[in-house]
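Novice: Fold the stuff below for me.
(one chain, ligands or ions: 1)
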Amino acid sequence: FNQLDEKIRLKRFVQLIHLKEPTLCSGSRRHHGTLMAEEAKKLAAYAAVDTHIQNNQVVGVGSGSTIVYAVDRLGKTKICFLSIVLIQARQLILQHGLTLSDLERHPELDVAIDGADEVDAALTLIKGGGGCLTQEKIVAGCAKHFIVIADYRKDSKALGQQWKKGVPVEVIPMAYVPVSRAIARRFGGEAVLRMAVSKAGPVVTDNSNFILDWKFEHAQKWKEVNTAIKMIPGVVETGLFVGMAERVYFGMEDGSVKTRDPPIN
Ligand SMILES: O=C[C@H](O)[C@H](O)[C@H](O)COP(=O)(O)O
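Specialist: Down below sits the predicted model:
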């Protein structure tokens, strides 16, 4: 199976999903003739795992609702691998009986798989909508292959067309005001402190920091902007993932899986 051409493997996987459709889900899969987002996430996650994960690999796992389906697929396979995970995904890994590791023991990963809030035509990502971005970027940066999984709602020509909440920026708590002002002054828009929904006060990340959501006004040169924001004292990391993703799998409304690779420059 591993020797098959990747495209054939993906095609076969999609066919398999269609054949087994009634057994792969509970409840209604379709709404007004289109696949619902949850099922689209599952399609993307299963396709990515089946295509990229092999026996005895060290796999990085991100966070979010889409990655749950990837871990589910990893847990159902009989292959043996280690998972390098973020704090947020730790329980998920353990629940599925997968072997947990860390970057001290495995600083080099074969593959990292993660979700995204938005993916543009050049495979630049916005991540961190769920409050996790720094650890995800570290894990992705340690992987030979960084694979992204998403449903059709994340597919975008240009950042900001789909994801309206802005670019998350993780900041040291004492610096959130000056960082917010510096971002707005230099790049326009506004950078707003993210507040918790279910408790008073700001969202606190896994690294005990705050998050600013930078609502930019227009398209930017994302690589340069990412570098410049990271130079502002107090910034820990941005949710801009530029030039990192090797392939994105989109689960589509019509039940197919679309892939996108970076443009050849
Ligand atoms: O902070 C959260 C992470 O960056 C997620 O990977 C991202 O928000 C996508 O999450 P979801 O799969 O739930 O859309």
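
Novice: Secondary structure element holding A47?
Specialist: helix 37-52 (DSSP states H and E).

Novice: hmm, who's touching the next helix or strand after that helix?
Specialist: Following helix 37-52 in sequence order, the next helix or strand is strand 58-61 (DSSP H and E). Contacting residues not belonging to strand 58-61 are listed as 53, 67, 70-71, 74, 81-86, 89, 92-93, 101, 106, 108-114, 139-140, 142-143 [C-beta atoms under 8 Å, 6 or more residues apart in numbering]. Placement of C-beta: from N, CA and C, glycine included.

Novice: follow-up on the earlier one: please compute how far the helix holding A47 lies from its chain's middle.
Specialist: Distance of helix 37-52 from the chain centroid (C-alpha atoms, centre = their mean, to the nearest Å) equals 13 Å.

Novice: so what's the nearest residue to T66 once chain neighbours are set aside up against?
Specialist: Once flanking residues are discounted, T66 sits nearest to G115: 3.7 Å by C-beta to C-beta, 6 or more residues apart in numbering. For G115, the contact set (C-beta under 8 Å, 6+ apart) comprises 41, 62-67, 127, 148-150.

Novice: In strands only, show me these.
Specialist: Taking DSSP state E as the definition of strands, the contacts of G115 contribute 148-150.

Novice: Kindly write the PyMOL command that selects the buried subset of the contacts of strand 58-61.
Specialist: Filtering the contacts of strand 58-61 down to the buried ones (16 or more other C-beta atoms under 10 Å) takes a single PyMOL command:
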select buried, resi 53+67+70+71+74+81+82+83+84+85+86+89+92+93+101+106+109+110+111+112+113+114+139+140+142+143
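
Novice: filter the contacts of strand 58-61 down to the ones close to the ligand.
Specialist: Restricting the contacts of strand 58-61 to those touching the ligand (C-beta under 6 Å from any ligand atom) yields D114.

Novice: Now intersect the contacts of strand 58-61 with the strands, please.
Specialist: Checking the contacts of strand 58-61 against DSSP E, those in strands are 82-85, 101, 109-114, 143.

Novice: Return the member of these nearest to the ligand.
Specialist: D114 (5.3 Å; C-beta to the nearest ligand atom).

Novice: Looks like the closest one contacts G62 (just checking).
Specialist: Yes: counting by C-beta atoms under 8 Å, D114 does reach G62; the two are 2.9 Å apart.

Novice: Identify the contacts common to those two.
Specialist: 136, 139-140.

Novice: Please flag which of the residues you listed sit within helices.
Specialist: 136, 139-140 (DSSP state H).

Novice: between those residues, which is closest to the ligand?
Specialist: Using C-beta to the nearest ligand atom, these come closest to the ligand at E136, 5.5 Å.

Novice: Could I get the pLDDT score of the closest one?
Specialist: In this model, E136 is scored at 94, pLDDT.

Novice: so what's L125 up against?
Specialist: Contacts of L125 (C-beta under 8 Å, 6+ apart): 116-119, 148, 239-241, 244-245.

Novice: let's see it at 10 Å
Specialist: Each residue near L125 by C-beta atoms under 10 Å, 6 or more residues apart in numbering is listed here: 114-119, 133, 136-137, 140, 146, 148, 150, 154, 156, 159, 163, 222, 239-242, 244-245, 248.
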